[in-house]
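Engineer: only geometry, no sequence info:
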């Protein structure tokens with residue numbers, strides 16, 4: 001009896017193990033795979049990519065969603081723009097991944113800085129080059145896509161910048177498929193869709209009186225002395241109609257993604273809500289140059305207060321309804337090119353409809369997304385009411 005019982009236990013264990021192995025095989029990603037990217041290009045990946053290149057360093061969080069703590073092990077070359085365009089982000093990532101400092105660098109695709117021959121002949125040649133949508137057409141026109149394909153380097157377009165509402169989920173899930181990381185992509189998609197649905201359900205139930213607020217978004221506030229660059233139909237400008245409000249830049253910019261409005265026209269239009277995209281930009285030597293230094297900890301609260309006050313003291317802004325009603329806000333600009341753009345959407349929802357979204361906590365969402373998908377802890381100041389920030 002004892003021997004029979006022992007044999008049965010061994011048999012049951014063997015069956016359980018076989019089921020687990022079979023289940024794992026059933027769930028595993030297999031190659032070759034064919035994906036369609038956000039540029040509408042169909043790419044066939046013959047074997048699982050190991051070496052990744054990024055056309056912008058600000059896409060490192062996208063690799064974390066795919067690989068968690070192993071993200072940088074797969075990154076062999078990047079454009080070193082995070083350091084200048086998102087310095088607090090760069091400082092945060094360098095602490096976690098100091099090897100980023102020594103990573104091989106590439107230049108902009110749209111300029112002569114990008115050296116295709118050097119890129120192709122790297123010691124650890126990329127299997128997959130992740131390129132932001134804005135550069136895909138340029139790369140195609142220059143013949144770069146054909147050259148890279150001939151060298152065995154696949155190119156996949158992603159987009160969190162031009163049309164984020166439309167392209168964020170496809171960018172994440174198409175890349176996940178291309179990398180053999182479908183499970184990671186689906187987990188992100190489920191979380192993102194759940195949060196977006198909660199927002200859109202609330203927007204759908206808004207009374208008509210809540211749906212006609214006028215909003216202006218200032219692109220790169222503080223980066224230059226001139227005013228006022230903005231986004232209309234694309235980028236963060238697309239969040240505004242999505243959230244049941246009117247972007248005052250849409251009509252004068254006539255359907256363009258981005259453009260310029262005059263201070264006088266903003267005064268005439270009288271936005272109810274004014275949102276500044278900003279961050280603390282630095283020069284190539286690491287010196288602070290402009291902007292509100294929002295971002296990852298450690299944040300410079302005195303610097304934030306000083307920079308906010310300077311931007312709020314502009315005469316045209318003081319003449320707006322938004323300023324007079326304390327409805328001027330700032331958002332961490334690097335969200336405009338990030339899979340974590342959900343955080344910016346949540347901030348906008350709170351600012352446009354404070355009563356309906358009073359329980360929404362965008363900073364918690366950002367912390368939770370980083371912990372859940374990147375296995376890392378983050379903290380900082382990523383959005384603010386400018387009036388409160390000056391006090």
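Structural biologist: Looks like it came in fine. Bear in mind that the values here come from a model prediction, so they are computed numbers and not experimental data. Residues are numbered from 1 along each chain as shown.

Engineer: so where's the stretch 1-150 of the chain uncertain?
Structural biologist: 1-28 (pLDDT under 70).

Engineer: what about the strands in it?
Structural biologist: 33-36, 42-45, 52-54, 75-79, 104-106, 128-132 (DSSP state E, counting those that start in this stretch).

Engineer: With distance to residue 204 added, can I get the ones you listed in JSON lines?
Structural biologist: (Glycine included, C-beta is placed from N, CA and C.) Shown next, in JSON lines, are those (distance: least, Cβ to Cβ, whole Å):
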{"stretch": "strand 33-36", "distance to residue 204": "30"}
{"stretch": "strand 42-45", "distance to residue 204": "35"}
{"stretch": "strand 52-54", "distance to residue 204": "37"}
{"stretch": "strand 75-79", "distance to residue 204": "40"}
{"stretch": "strand 104-106", "distance to residue 204": "44"}
{"stretch": "strand 128-132", "distance to residue 204": "32"}
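
Engineer: and residue 299, which of those is closest to it?
Structural biologist: Proximity to residue 299 (Cβ to Cβ) singles out strand 75-79 among these, at 24.8 Å.

Engineer: Not counting the closest one itself, show me its contacts.
Structural biologist: Residues outside strand 75-79 that contact it (Cβ atoms under 8 Å, 6 or more residues apart in numbering): 51-57, 60, 63, 100, 103-108, 119, 122, 124-126.

Engineer: If we use 7 Å, what do you get?
Structural biologist: 51-57, 63, 103-108, 122, 124, 126 (Cβ atoms under 7 Å, 6 or more residues apart in numbering).

Engineer: Quick one: closest of the strands of the stretch 1-150 of the chain to residue 375.
Structural biologist: strand 75-79 (16.0 Å).

Engineer: so how far is the closest one off the chain centroid?
Structural biologist: In terms of Cα atoms, centre = their mean, to the nearest Å, the centre of strand 75-79 is found 17 Å from the chain centre.

Engineer: Contact partners for the most centrally placed residue in the chain?
Structural biologist: Geometric centre of the chain, nearest residue: residue 338, 0.6 Å, by Cα atoms, centre = their mean. Shown in contact with residue 338 (Cβ under 7 Å, 6+ apart): 58, 61, 160.

Engineer: swap in residue 135?
Structural biologist: So residue 135 contacts 55, 109-110 (Cβ under 7 Å, 6+ apart).

Engineer: what's the nearest residue to residue 180 if we skip its chain neighbours?
Structural biologist: Spatial nearest neighbour of residue 180, chain neighbours left out: residue 29 (3.7 Å); criterion: Cβ to Cβ, 6 or more residues apart in numbering.

Engineer: Pretty sure that neighbour sits against residue 183.
Structural biologist: No: contact criterion Cβ atoms under 7 Å: residue 29 and residue 183 do not qualify, at 8.2 Å.

Engineer: Now the strands of the stretch 1-150 of the chain in CSV, please, with extra columns for mean neighbour count and distance to residue 320.
Structural biologist: Listed next are the strands of the stretch 1-150 of the chain as CSV, based on neighbours: other Cβ atoms under 10 Å; distance: least, Cβ to Cβ, whole Å:
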stretch, mean neighbour count, distance to residue 320
strand 33-36, 15, 44
strand 42-45, 14, 47
strand 52-54, 25, 39
strand 75-79, 21, 37
strand 104-106, 17, 42
strand 128-132, 24, 33
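
Engineer: Among the ones you listed, which comes closest to residue 249?
Structural biologist: Using Cβ to Cβ, the strands of the stretch 1-150 of the chain put strand 128-132 closest to residue 249, at 22.3 Å.

Engineer: who's in contact with the closest one?
Structural biologist: So strand 128-132 is in contact with 49, 52-56, 59, 139, 148, 153-159, 161, 175, 178, going by Cβ under 7 Å, 6+ apart.

Engineer: Separate out the buried members of those.
Structural biologist: 49, 52-56, 59, 139, 148, 153-159, 161, 175, 178 (16 or more other Cβ atoms under 10 Å).

Engineer: and residue 341, what does it touch?
Structural biologist: Residue 341 neighbours (Cβ under 7 Å, 6+ apart): 160, 164, 168, 335.

Engineer: Equivalent analysis for residue 356, please.
Structural biologist: 202, 206.

Engineer: Is it part of a helix or strand, or is it coil?
Structural biologist: With DSSP: H, G, I helix; E, B strand; the rest coil as the basis, residue 356 sits in coil.

Engineer: What's the separation between it and residue 199?
Structural biologist: Counting by Cβ to Cβ, to the nearest Å, the gap between residue 356 and residue 199 amounts to 10 Å.

Engineer: Then residue 165?
Structural biologist: Separation of residue 165 from residue 199 (Cβ to Cβ): 11 Å.

Engineer: So if I had to pick from these two, which one is more boxed in?
Structural biologist: Legend: neighbour count by other Cβ atoms under 10 Å for residue 165 and residue 199, higher for residue 199 (20 against 15).

Engineer: domains for the protein, by residue range?
Structural biologist: Structural domains annotated on the chain: 33-191, 207-389, as defined by automatic domain parsing.

Engineer: can you give me the mean pLDDT across the longest one?
Structural biologist: Domain 207-389 comes out with an average pLDDT of 93.

Engineer: Start and end of that domain, how far apart?
Structural biologist: For domain 207-389, the first-to-last residue distance is 31 Å (Cα to Cα, to the nearest Å).

Engineer: can you redo the contacts of residue 135 as JSON lines with distance to residue 85?
Structural biologist: Converted to JSON lines, the contacts of residue 135 look like this (distance: Cβ to Cβ, whole Å):
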{"residue": "55", "distance to residue 85": "13"}
{"residue": "109", "distance to residue 85": "16"}
{"residue": "110", "distance to residue 85": "15"}
